[in-house]
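>>> the sequence isn't on hand, but the structure is:
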């Protein structure tokens, strides 16, 4: 098998995916900040809290962590960095997405990346349990976050419950006029928000994966070129040595015949 040809194909496919996944990730990032700000204002409203419209989970309950990896390798530390966090998290309830992640002994749900994208309802079920039944103290995402083409970083992000920020204080006593079951409405909003946060994280992780794979394959091609150049130099050196040796042998032979 021609290793260089295989790496070239992988590099080409990564290049095709990088631009599309980058644009999608950047578009989702813009929406993410606005969506998070809106939900923080609503869910940290003191009037709703005092009226018992918003119930927080028990902080003594375990954390639900969702780990986002990939189905394919050759993408640098994308899978290994998430797997390291996964291996250290002993008490957390785990949902693992990605064939290349190490599967722990105790896991709530294990999906390939393909299975996750084809049926989001399998993970949404756990998000509903977190919000409506408050089964876990928090929901956190562990994935490689895309910042730009030169910056990818593995992060752990808490998406539920949302912690108040200093800029939310001006809205903490806002009154909301609601003409329906406000508890059910807020739970539905939170489940939808968590679902979108999960989609945004998956898109960001996918962009990170393709960028890291493109970087890894490009670096591999450079190393293969360097190895080929070194082999070519060695071959030339060997041919030169053989030529010199042949000339020397011929000269010695001629001298011996004259004697």
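Done, it's in. The structure displayed is predicted, hence computed values, not measured ones.
>>> show me where this protein has its helices.
Assignment of helices within the chain using DSSP state H yields the ranges 3-43, 46-50, 78-88, 113-118, 121-128, 182-258.
>>> what angle do helix 182-258 and the fifth one make with each other?
If I follow you right, that is helix 121-128. Angle, helix 121-128 to helix 182-258, by axes from the mean of the first three to the mean of the last three CA atoms, to 10 degrees: 130 degrees.
>>> what's helix 121-128 in contact with?
64, 66, 95, 97, 108-109, 111, 115-116, 139, 160, 191, 194-195, 198 (CB atoms under 8 Å, 6 or more residues apart in numbering). Every C-beta, even on glycine, is put in place using the N, C-alpha and C of the backbone.
>>> list only those of the residues you listed flagged as buried.
Neighbour-count burial (16 or more other CB atoms under 10 Å) is assigned, among the contacts of helix 121-128, to 64, 66, 95, 97, 108-109, 111, 116, 139, 160, 191, 194-195, 198.
>>> just curious, which of these is nearest to residue 238?
Nearest to residue 238 among the buried ones among the contacts of helix 121-128: residue 97, at 51.7 Å, using CB to CB.
>>> per-residue confidence at the closest residue to that closest one other than its chain neighbours?
Closest residue in space to residue 97, ignoring its immediate chain neighbours: residue 116 at 4.7 Å, by CB to CB, 6 or more residues apart in numbering. Note for residue 116: predicted pLDDT of 90.
>>> residue 116 and residue 99 touch, don't they?
No - counting by CB atoms under 8 Å, residue 116 stays clear of residue 99, with 10.5 Å between them.
>>> what do those two both touch?
Joint contacts of residue 116 and residue 99 (CB under 8 Å, 6+ apart) do not exist.
>>> need the buried ones among the contacts of helix 121-128 in CSV (columns: distance to residue 146).
Listed next are the buried ones among the contacts of helix 121-128 as CSV, based on distance: CB to CB, whole Å:
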residue, distance to residue 146
64, 23
66, 17
95, 21
97, 16
108, 26
109, 24
111, 21
116, 17
139, 21
160, 22
191, 25
194, 20
195, 19
198, 15
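>>> farthest pair within the residues you listed?
Taking CB to CB, no two of the buried ones among the contacts of helix 121-128 sit farther apart than 111 and 160, at 19.8 Å.
>>> so, low pLDDT: which residues of the stretch 101-250 of the chain?
165-174, 176-177 (pLDDT under 70).
>>> tell me the contacts of residue 158?
138, 139, 140.
>>> show me the contacts for residue 91.
Applying CB under 8 Å, 6+ apart, the residues near residue 91 are 62, 63.
>>> measure it to residue 59 for me?
13 Å (CB to CB, to the nearest Å).
>>> what does residue 90 give?
Distance from residue 90 to residue 59, by CB to CB: 18 Å.
>>> now do the buried residues in stretch 199-206.
Per 16+ other CB under 10 Å, stretch 199-206 contains these buried residues: 200, 201, 202, 203, 204, 205, 206.
>>> okay but the last one is in contact with residue 18, surely?
So the one you mean is residue 206. No - look at residue 206 against residue 18 with CB under 8 Å: they stay out of range, at 10.4 Å.
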